[in-house]
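[1] what follows is a predicted structure for the sequence shown.
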Amino acid sequence: MFVFFQKTKGVSALIEIENPNRVAVKNKKISELTIDTSTAGTQLSRREREEIEKESAKKLHEQLRAEGKTEQARADLARLAIIREEREQAAKKRAAEQTVKDAARASKAEATPSLKKDTPAGSGKK
């Protein structure tokens, strides 16, 4: 029996792993895993905490605005009330003008005689 070994060049025979920085994945058993909820809050970084706080503040502001409790929301509601009132008055004015026009047309139609002559039935031109 002959066993042939391939001759290596340089230090490649000394290195067992291609990438020495590679970390092998170690499988963990479920029984070994423990979840500690008391340390979960302290593990957030400052940026993550600030982002969460900013997001919750934004949600609170949107909720207060929807309920009409902020100054901006009150101003918006007041402006909308004024606009609604103006539109309602404009609609009433347009309706009144339309009734005046209709009445004028009706009175004009009654006052002007028809240009068509009344012809007896059957004696008209064909």
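    Thanks, I have it.
[2] how many neighbours does residue 100 have?
    10 (other C-beta atoms under 10 Å). For every residue, glycine as well, the C-beta is placed using N, CA and C.
[3] pLDDT score assigned to it?
    With respect to pLDDT, residue 100 has a value of 94.
[4] same thing with the one 3 residues further on?
    The predicted structure scores residue 103 at 91 on the pLDDT scale.
[5] got phi/psi on it?
    phi -70, psi -40 (degrees, to the nearest 10).
[6] could you measure from it over to residue 109?
    Distance, residue 103 to residue 109, using C-beta to C-beta, to the nearest Å: 11 Å.
[7] can you pull out the low-pLDDT segments for the protein?
    By pLDDT under 70, the low-scoring segments of the chain are 1-8, 12-18, 20, 35-42, 113-126.
[8] can you map out the helices along it?
    With DSSP state H as the criterion, the chain has helices at 46-67, 71-111.
[9] export the ones you listed to TSV and tack on distance to residue 24?
    Shown next, in TSV, are the helices of the chain (distance: least, C-beta to C-beta, whole Å):
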stretch	distance to residue 24
helix 46-67	30
helix 71-111	57
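[10] to residue 27, which of those lies closest?
    With C-beta to C-beta as the criterion, residue 27 lies closest to helix 46-67 of the helices of the chain, at 28.6 Å.
[11] what residues does that closest one touch?
    Identification of contacts with helix 46-67 by C-beta atoms under 8 Å, 6 or more residues apart in numbering yields 44, 70, 72, 73.
[12] quick one, it and helix 71-111 angle?
    In terms of direction (axes from the mean of the first three to the mean of the last three C-alpha atoms, to 10 degrees), helix 46-67 departs from helix 71-111 by 40 degrees.
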